[in-house]
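S.K.: structure for the following, please:
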Amino acid sequence: MNKFISVFAIAFTALLGGSIISACSENVDDLVIKLTEAVKNNDNKKAQKYAEKACNMGSDFGCYHAGGQHELKRDYKKAIIYFEKGCNMKTFQWSGRACTELGAIYLRGLDVAERDTAKAEDYFEKGCSLNHGYGCYSAAAKYILGKTAPVDEAKFREYFQKACNLGEELGCILSDL
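M.R.: The predicted structure is shown next:
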């Protein structure tokens, strides 16, 4: 009887497209929990490992943190790869943060061909569209400085107000100017 149950379990698992081994392997939720613990314990090596795995399994949280771990090591080329992957997930929670971090890297010209203000502003706007308050605050600069777009008071107030609505205090202060 036990042999029958084992054969049935293997056949059923194969029918579902998996295997017994994959049923026991880590899932993205497990990795995110391990990542969170590693970050709490300041274990950057483990945090990077779990973040990269979680990112590769489709977690925007994992991608954001993998980019951040590489940024801490000043490996901006790898940070860009993970932040771009997270930004492109467009999941609103951590994707917006990843987009905003990309904007900051391009604004400062860190390990990219050259400082690219227009690209940075595009990432800030994308971060804002994914409801990241600091992304909205940063996107407003495009319409205040007038370097890559005409000065537009209504537009920068709109971005500051959205930043404020998303909890970014500087947006609240500046939207009332």
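
S.K.: correct me, but A104 touches A120?
M.R.: Yes: the pair A104 / A120 is scored as a contact, 7.2 Å apart, by CB atoms under 8 Å. Where C-beta positions appear, they are placed from N, C-alpha and C, glycine not excepted.

S.K.: between those two, who's got more neighbours?
M.R.: Taking neighbours as other CB atoms under 10 Å, A104 and A120 compare with A120 leading, 25 against 18.

S.K.: separation between the more buried one and G135?
M.R.: 11 Å (CB to CB, to the nearest Å).

S.K.: same question for E84.
M.R.: Per CB to CB, E84 is found 15 Å from G135.

S.K.: name the residue in these two with the higher neighbour count.
M.R.: Between E84 and G135, counted using other CB under 10 Å, the more crowded position is G135 (30 against 17).

S.K.: where does the more buried one sit: helix, strand or coil?
M.R.: helix (DSSP: H, G, I helix; E, B strand; the rest coil).

S.K.: name the element the closest residue in space to it that isn't next to it in sequence belongs to?
M.R.: Once flanking residues are discounted, G135 sits nearest to G127: 2.5 Å by CB to CB, 6 or more residues apart in numbering. Using DSSP states H and E, G127 sits within helix 117-129.

S.K.: now what about that helix, what contacts it?
M.R.: Applying CB atoms under 8 Å, 6 or more residues apart in numbering, the external contacts of helix 117-129 come out as 87, 96-100, 102-107, 134-136, 138-139, 141-142, 147-149, 159, 162-163.

S.K.: again, only using 7 Å
M.R.: Contacting residues not belonging to helix 117-129 are listed as 87, 96, 99-100, 102-103, 106-107, 135-136, 138-139, 142, 147-148, 159, 162 [CB atoms under 7 Å, 6 or more residues apart in numbering].

S.K.: and that helix, what's buried?
M.R.: 117, 119-129 (16 or more other CB atoms under 10 Å).

S.K.: for the residues you listed, which one is nearest D29?
M.R.: Of all the buried residues of helix 117-129, D29 sits closest to G127, with 25.0 Å by CB to CB.

S.K.: now that closest one: how far from A141?
M.R.: For G127, the distance to A141 - CB to CB - is 13 Å.

S.K.: what does T117 give?
M.R.: Between T117 and A141 the computed distance is 9 Å (CB to CB).

S.K.: make sure G96 is actually in contact with Y134.
M.R.: No: the criterion here is CB atoms under 7 Å, and G96 misses it with Y134 at 8.8 Å.

S.K.: so which of those two has more stuff around it?
M.R.: G96 (27 against 22).

S.K.: quick one: contacts for that one?
M.R.: G96 sits next to 127, 130-132, 135 when contact means CB under 7 Å, 6+ apart.
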